[in-house]
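1. Predicted structure and sequence below. I'll ask about it afterward.
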Amino acid sequence: NAGVMQNPRHLVRRRGQEARLRCSPMKGHSHVYWYRQLPEEGLKFMVYLQKENIIDESGMPKERFSAEFPKEGPSILRIQQVVRGDSAAYFCASSIAGGTSYNEQFFGPGTRLTVL
Amino acid sequence: SQQGEEDPQALSIQEGENATMNCSYKTSINNLQWYRQNSGRGLVHLILIRSNEREKHSGRLRVTLDTSKKSSSLLITASRAADTASYFCATGSGSARQLTFGSGTQLTVLP
């Protein structure tokens, strides 16, 4: 039973390029969350998605960042025109459908983005 | 918005000793979870405690929750070098599904 999968594990981009980060949730999970972690800090919530729906994007920067979770395929976090400040580790988590916020979130290994 | 804060920021102990980390938060919660992160790796879920629970055990881990003081503690007994990692508390509250993380405690267990 594979856990949450993220790829790539490491991504290097030059300023102005686009970064695409992918996340496949655990089998049977239909809720996906994206978090960002800056060096020496905790994780900060970015966006919460269900299949084909963005439920809460209160943590997403207003510009350049977007996320989707299509009916088929992985969830994508897209960062356009990257800047050095976007360098961070981006983690995806998934949880089962339904229930309350008691649901446990399972995290992927993260994608470490470096912007040169 | 609420934020979990871990205390201490860093802790160094000898193998075999117990390690205690604390977490404080600001607003009402539904649950509190502890995670471990090894350097440069992803997060591993350790334990979840609900707001109506006061204590929970899992192997060498013991978590307490005091909602009146808005605080939680994680105790690792008989620590091992392999326990060296960063430990984060994360809270879930209200109807929001996202977790709010603290800044973590860096635990170093010396052999």
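-> Happy to help now that I have it.
2. Next, the contact list for the residue nearest the centre of chain A, please.
-> Residue closest to the average C-alpha location in chain A (CA atoms, centre = their mean): residue A:34, at 3.3 Å. Residues counted as contacts of residue A:34 (CB atoms under 8 Å, 6 or more residues apart in numbering or on different chains) are A:23, A:45, A:46, A:47, A:49, A:67, A:75, A:77, A:90, A:91, A:92. For glycine as for every other residue, the C-beta is placed from the backbone atoms N, C-alpha and C.
3. Report pLDDT for it.
-> The model reports residue A:34 with a pLDDT of 96.
4. repeat for the one 4 residues further on
-> Note on residue A:38: pLDDT of 89.
5. How about it: what's its closest non-neighbour residue?
-> residue A:88 (5.1 Å; CB to CB, 6 or more residues apart in numbering or on different chains).
6. Can you name the residues bridging to the one you found?
-> Counting by DSSP bridges, residue A:88 forms beta bridges with residue A:113.
7. Just checking: what are the partner strands of the worst-scoring helix or strand of chain A on mean pLDDT?
-> Every helix and strand of chain A was ranked by mean pLDDT, DSSP states H and E. The lowest is strand A:106-107, at a mean of 90. Sheet pairing of strand A:106-107 (DSSP bridges) gives strand A:88-96 (antiparallel).
8. what is the mean pLDDT for the partner strand?
-> In this model, strand A:88-96 has an average pLDDT of 93.
9. Using CSV, list the CA coordinates for it.
-> Taking Å, rounded to 0.1, in the frame of the first residue of the first chain, the C-alpha atoms of strand A:88-96 are listed here in CSV:
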residue,chain,number,x,y,z
ALA,A,88,11.4,25.8,0.0
ALA,A,89,10.3,22.3,0.6
TYR,A,90,6.7,21.7,-0.6
PHE,A,91,4.8,18.9,1.1
CYS,A,92,1.6,17.2,0.1
ALA,A,93,-0.6,15.4,2.5
SER,A,94,-3.8,13.3,2.0
SER,A,95,-6.6,12.1,4.2
ILE,A,96,-9.7,10.0,3.8
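10. So which bits of chain B are right by chain A?
-> Counting by CB under 8 Å from any CB of the partner chain, chain B comes close to chain A at B:4, B:30-31, B:33, B:35, B:40-45, B:48, B:50, B:88, B:90, B:92-104.
11. Would you mind writing the ChimeraX command to select the buried ones in those residues?
-> Of the residues of chain B next to chain A, the buried ones go into a single ChimeraX selection, burial set by 16 or more other CB atoms under 10 Å in any protein chain shown:
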select /B:4,30,31,33,35,42,43,48,88,90,92,93,96,97,98,99,100,101,102,103,104
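12. all strands for chain B, in order.
-> Counting by DSSP state E, chain B has strands at residues B:5-7, B:10-14, B:19-24, B:31-37, B:43-50, B:55-58, B:61-66, B:71-76, B:85-92, B:100-101, B:105-110.
13. Likewise for chain A?
-> A:5-7, A:10-13, A:19-24, A:29-37, A:43-50, A:53-56, A:65-68, A:75-79, A:88-96, A:106-107, A:111-115.
14. Give me the helices and strands touching the second one, please.
-> Under the contact criterion of 3 or more CB pairs under 8 Å, 6 or more residues apart in numbering or on different chains; DSSP states H and E, strand A:10-13 touches strand A:19-24, strand A:111-115.
15. now the longest one and strand A:75-79, what's the angle there?
-> By that I understand strand A:19-24. Here strand A:19-24 points in a direction 170 degrees away from that of strand A:75-79 (axes from the mean of the first three to the mean of the last three CA atoms, to 10 degrees).
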